[in-house]
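>>> sharing a sequence plus its predicted fold:
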Amino acid sequence: MVKYGRLGADEAEKMKKDPIVLKYSRDVVEGIANHFREKLRTELKQWCKNNPKPDGTFYNIHTDGLKIYTTIDSRMQRYAEEATREHLTKLQKLFDEHWKNERPWGKATDIINNARLQSERYKSMKAAGKSQLEIESAFRLPIPMKLFSWKGEIEKTMSPNDSIAYYLMFLNAGLVAMDPQSGAIKAYVGSGDFGKFKYDHVQAKRQVGSTFKPIVYANAIENGISPCQYFPNELRIYSNYQDWQPRNAEVDEYGGYYSLAGALAKSLNTISVQVLFEGGIENTVYLAQKMGITADIPNLPAIALGAADISLAEMTKAYCAFANGGRTTPAFFLTAIKDSQGNTLASFSPVAVSQRRKAMEEETARMMTQIMTAVIDSGTGRRLRTEYKLTNNIAGKTGTTQMQSDGWFIGYTPDLVCGVWVGGYDKRVRFRSIALGQGAATALPIWGGFMKRCYADPAFKIQTYRSFVPPLPENEARMDCPNYSPYPYMPYDNGTTADATIPDEALPTDNDPTTSGNDTSYDQPEPMYQPPVIRPSRGGGVTPSSGNAQPAPKRVIVKPKNRPLQRDDDVVQQEPDSPTYNDDVKENQNILDKIRNIFKKPQ
């Protein structure tokens, strides 16, 4: 530059003494499973640190030509990414139309300020010594920039502050699919686009909503609650919990009585809380831990509605216990590491199902699967049947958190457990209506699109013919009851009941609307009399659903008794998902478990 007169000699000599600062970023955005590869990179760095070469030096995952073998199925991964991107494209258009020129956070400024502090532009300006005033001025100045959209990159002139608001309006998603027997991860999608959204939503902790309810119901069955016990769908005020009054969210209706299957299919909050107290709050938390959840779960009745922050990875792992007969299933994703010559440096395999901790009785898992099948066949997950035309064995549960901030769906087949989460960067970024923001509308379509693509592939077609293992005949008999009853017991069927004796006034007569003509017996519980459903308004008024106006259902004030904790062990020992977990530690733990069982106090 001095030679051609572009730089003075004195200035050149001065610049030669300055250190060269290189800021190089190796962002891998091509290919598939980028979030998974980032998770794998972190794991491999730890392995390299713990496993030096024979000469004492350490392997370099970038330069030593290591060959890494994982459990990811490339076809499933592509289908998962396609389904995620396809639905997010449609959902984003609907979301933008829903809010139009408004912002979900209104006039609040903290959301923009917090996002600005985390931006690369802010960090680089701060590192360059710019003052706060200079930084804020630069963020208000409109400049030409390229912006991401689901339809492709667009060019606009806007300020960095406006670009932050633009990106905050995006909904995103996470998906993870596992083999419930081995724990092998088959597909892993951390966001809709790794290039622009590097935050991994599979590992992020968010409120889980109604996806936690199956754990509540499983605990109730474990503690002797009959699947055909009927619970009243009524508003209750819990006086010993600050007069807390849970309401039904997806269907704000009350009246009648529901079995466990019926209550879960309709995702009734009122009954989930009753079931939680019947089984015990601490017992429910303990079961969740045994199923593999390590996140903090509060000992409060609100957990019946999913008021706990848990990652999609842990929730999906927990559902594996329902699919495999009640066993805890650590995630498994790394199978082998080989050097550049093909020599095996390390190999990894999952723990056999028979050697894993039993989270629940096998029959409890089978019964819960049958109950969650009703969610798909006639409940909140029925779109998989009607819209996606999936006819194979499927069980699962939708979930929607407060104010529709998070949409969930975790579903499983005999071969695969797949969890999906959809939401915004901030919990305020959400749909305003339950119809648009519920998990059945935001997360379930990604699951449906993913599975539909898989089953169109001849390699996975055989999975559609596999069936769940049913409960034993005696337990199936225990579950043989209608989902709904106008009475607090199973409706009469040729003079028999499930859990109670029917009073004379409940028996059919010639004028009974549940009978026709003079025939006073019938074989099927449908059609049965259903009293008018009452939909109390949020303001306390009443809007009956039929022309026969009825009084509002009583808001029953209760002080529930909580079933005491019943442990089968002193401590829940979690098996980590890391494939490099020390096998010696695992073997020692098995020995300690045997010793603990010998000296365990009888319950």
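Looks like it arrived, so ask away.
>>> tell me the helices and strands packed up against the helix or strand hosting Ala441.
Using DSSP states H and E, Ala441 sits within helix 439-442. Judged by 3 or more C-beta pairs under 8 Å, 6 or more residues apart in numbering; DSSP states H and E, helix 439-442 is in contact with strand 395-400, strand 406-412, strand 417-424. In short, each C-beta sits where N, CA and C put it, glycine included.
>>> can I get those strands in JSON lines with mean neighbour count, mean pLDDT and distance to Glu314?
Formatted as JSON lines, these follow (neighbours: other C-beta atoms under 10 Å; pLDDT from 0 to 100; distance: least, C-beta to C-beta, whole Å):
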{"stretch": "strand 395-400", "mean neighbour count": "29", "mean pLDDT": "97", "distance to Glu314": "14"}
{"stretch": "strand 406-412", "mean neighbour count": "29", "mean pLDDT": "98", "distance to Glu314": "11"}
{"stretch": "strand 417-424", "mean neighbour count": "27", "mean pLDDT": "98", "distance to Glu314": "9"}
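>>> looking at those strands, which is nearest to Gly183?
strand 417-424 (9.6 Å; C-beta to C-beta).
>>> and the angle from that closest one to strand 406-412?
Angle, strand 417-424 to strand 406-412, by axes from the mean of the first three to the mean of the last three C-alpha atoms, to 10 degrees: 170 degrees.
>>> so which elements touch strand 417-424?
strand 171-178, helix 312-324, strand 406-412, helix 439-442, helix 444-456.
>>> and the contacts of the very next helix or strand once past the last one?
This points to helix 444-456. From helix 444-456 onward toward the C-terminus, using DSSP H and E, the following helix or strand is helix 473-478. With contact meaning C-beta atoms under 8 Å, 6 or more residues apart in numbering, helix 473-478 is reached by 226-228, 363, 366-367, 370, 470.
>>> relative to Trp421, which of those is nearest.
Relative to Trp421, and with distances defined as C-beta to C-beta, the nearest of the contacts of helix 473-478 is Gln370, at 25.5 Å.
>>> look up how far Leu264 lies from that closest one.
11 Å (C-beta to C-beta, to the nearest Å).
>>> still on that earlier bit, redo the contacts of helix 473-478 as CSV? Include neighbour count and pLDDT.
Listed next are the contacts of helix 473-478 as CSV, based on neighbours: other C-beta atoms under 10 Å; pLDDT from 0 to 100:
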residue, neighbour count, pLDDT
Ser226, 15, 93
Pro227, 22, 94
Cys228, 21, 93
Glu363, 17, 97
Arg366, 21, 97
Met367, 26, 97
Gln370, 18, 96
Pro470, 13, 96
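>>> inside helices: which ones of the residues you listed?
Within those, residues falling in helices by DSSP state H are 363, 366-367, 370.
>>> turn these into CSV, including distance to Ile154.
Output for the ones in helices among the contacts of helix 473-478, formatted as CSV (distance: C-beta to C-beta, whole Å):
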residue, distance to Ile154
Glu363, 56
Arg366, 52
Met367, 52
Gln370, 49
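>>> all helices of the stretch 51-200 of the chain, in order?
For the stretch 51-200 of the chain, the helices defined by DSSP state H, counting those that start in this stretch occupy 74-99, 110-117, 120-127, 132-140, 160-168.
>>> nearest to Gly437, out of the ones you listed?
Of those, nearest to Gly437 by C-beta to C-beta is helix 74-99, at 9.2 Å.
>>> who does the closest one touch, helix- and strand-wise?
Checking 3+ C-beta pairs under 8 Å, 6+ apart, helix 74-99 ends up next to strand 171-178, strand 185-189, helix 444-456.
>>> quick one: end-to-end length of stretch 422-435, please.
15 Å (C-alpha to C-alpha, to the nearest Å).
>>> same thing with stretch 186-199?
With C-alpha to C-alpha, one end of stretch 186-199 sits 20 Å from the other.
>>> buried ones in it?
186-194, 197 (16 or more other C-beta atoms under 10 Å).
>>> tell me what Ser311 is bridged to.
Lys205 (DSSP bridges).
>>> surely it is in contact with Asp200?
No - using C-beta atoms under 8 Å, Ser311 is not in contact with Asp200, being 9.4 Å away.
>>> and the strands in the stretch 251-400 of the chain?
Secondary structure of the stretch 251-400 of the chain, counting by DSSP state E, counting those that start in this stretch: strands at 257-258, 309-311, 334-338, 344-347, 395-400.
>>> now these as CSV including distance to Glu474?
Output for the strands of the stretch 251-400 of the chain, formatted as CSV (distance: least, C-beta to C-beta, whole Å):
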stretch, distance to Glu474
strand 257-258, 23
strand 309-311, 34
strand 334-338, 41
strand 344-347, 44
strand 395-400, 21
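>>> can you check which of those strands gets nearest to Leu141?
strand 309-311 (37.8 Å).
>>> for the closest one, packing partners?
strand 205-207.
>>> mind listing what the residue lying closest to Asn240 once chain neighbours are set aside touches?
Excluding its sequence neighbours, the residue lying closest to Asn240 (C-beta to C-beta, 6 or more residues apart in numbering) is Lys559, at 4.9 Å. Going by C-beta under 8 Å, 6+ apart, Lys559 touches 238-240.
>>> next, count neighbours for Leu133.
By the criterion of other C-beta atoms under 10 Å, Leu133 has 8 neighbours.
>>> what's the answer for Ala80, then?
30.
>>> what of Lys14?
For Lys14, using other C-beta under 10 Å, the count is 10.
>>> tell me how far stretch 285-296 is from the chain's mean position?
From the chain centre to the centre of stretch 285-296 is a distance of 14 Å (C-alpha atoms, centre = their mean, to the nearest Å).
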